[in-house]
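>>> the following comprises the amino acid sequence and a computationally predicted model.
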Amino acid sequence: MARYRGPQTKIARKFGEPIFGPDKVLDKKNYPPGFHGLNKKRRKTSEYGVQLKEKQKAKYTYGILEKQFRNIFDRATRAKGVTGIVLLQLLESRLDNIVYRLGVAPSRASARQMVTHRHILVNGEICNIPSASIKPGDVIAVREKSKSLEMITNSLNGFNHSKYPWIEWDQEAMTGKFMSVPEREDIPENIKEQLIVELYSK
């Protein structure tokens, strides 16, 4: 499936947040991109524009294109609970996101690549589908012959696993367990999910 492969700093500056991870350029230029920079007069964004921007932020953050994002939203509307919160919980339950949360990969993009290159096991079986939905109790592990990969060892070095209470990590075995679906207050992403619900409800 196609993925966004353009300049990440430009997108991060558009939203004013380091949605792809720490960015030195964003620290220096914390204003929207464009020829006129800070001097450009910007119109007040409409309600639709605000909602659309929030959806785009969520899509870029989790690395998902429109069709797949819409399918996940449709699943959220059919599930029990608050649609916006369920949407984020479904996004957090994706295999590529959990590999990233476990610290096995430094970014969601590299986590996706790691999964497609067959470095990750789910319940003892190789899974090369980044969008695979992980359920509470599932065990995610690094494949035995992949444990010495430099990218994995560098990413895990000094990673604080305690910041995500819904996952458990065994450093010695290089295995993680998806303990439970995260509560909204435990999801660190700065996304106003209600705006996305309002956008799709039009």
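Structure received.

>>> rest of the way, CA atoms for contacts and neighbours
Fine.

>>> quick one, what contacts Val86?
Taking C-alpha atoms under 8 Å, 6 or more residues apart in numbering, we find Val86 in contact with Ala76, Ala79.

>>> so how far is Lys80 from it?
Noted for Val86: a distance of 8 Å to Lys80, by C-alpha to C-alpha, to the nearest Å.

>>> check Phe69 too.
Using C-alpha to C-alpha, Phe69 is found at 18 Å from Lys80.

>>> same thing with Tyr164?
24 Å.

>>> Gly176 belongs to a strand?
Yes. Under the criterion used here (DSSP: H, G, I helix; E, B strand; the rest coil), Gly176 sits inside a strand.

>>> now the residue nearest to it when sequence neighbours are not counted. Its backbone dihedrals?
On the basis of C-alpha to C-alpha, 6 or more residues apart in numbering, the spatially nearest residue to Gly176 that is not a chain neighbour turns out to be Trp169, at 4.3 Å. In terms of degrees, to the nearest 10, the main-chain angles of Trp169 are phi -130, psi 130.

>>> got it, and Ile126?
In this entry, Ile126 is assigned phi and psi values of phi -60, psi 130 (degrees, to the nearest 10).

>>> tell me the bridge partners for it.
Bridge pairing for Ile126 (DSSP bridges) gives the partners Leu121.

>>> sorry, back to before: contacting residues for the residue nearest to Gly176?
Leu102, His161, Thr175, Gly176, Lys177.

>>> quick check: longest helix of the protein.
Longest helix in the chain by number of residues, with DSSP state H as the criterion: helix 47-62.

>>> thought Gly137 was touching Glu168?
No. Using C-alpha atoms under 8 Å, Gly137 makes no contact with Glu168, being 10.3 Å away.

>>> now do Ile167 against Val197, distance only.
The spacing between Ile167 and Val197, counted by C-alpha to C-alpha, is 27 Å.

>>> re earlier: please say which of Phe69 and Lys80 ends up with more neighbours.
Each of Phe69 and Lys80 has its neighbours counted (other C-alpha atoms under 10 Å); Phe69 has more, 18 against 9.

>>> now for the chain, the helix or strand with the poorest mean pLDDT.
helix 24-28 (a mean of 54; mean pLDDT, DSSP states H and E).

>>> show me the domain layout of this structure.
The record assigns the chain these domain ranges, following automatic domain parsing: 8-90+189-200, 94-180.

>>> which residue would you name as the spatial centre of the chain?
Computing the C-alpha centroid of the chain and ranking residues by C-alpha atoms, centre = their mean puts Tyr62 first, at 3.2 Å.

>>> OK, contacts around it?
By C-alpha under 8 Å, 6+ apart, Tyr62 lies in contact with Leu91, Asn97, Arg108.

>>> give me the common contacts of Gly137 and Glu168.
Overlap between the contact sets of Gly137 and Glu168, as judged by C-alpha under 8 Å, 6+ apart, is given by Lys177, Phe178, Met179.
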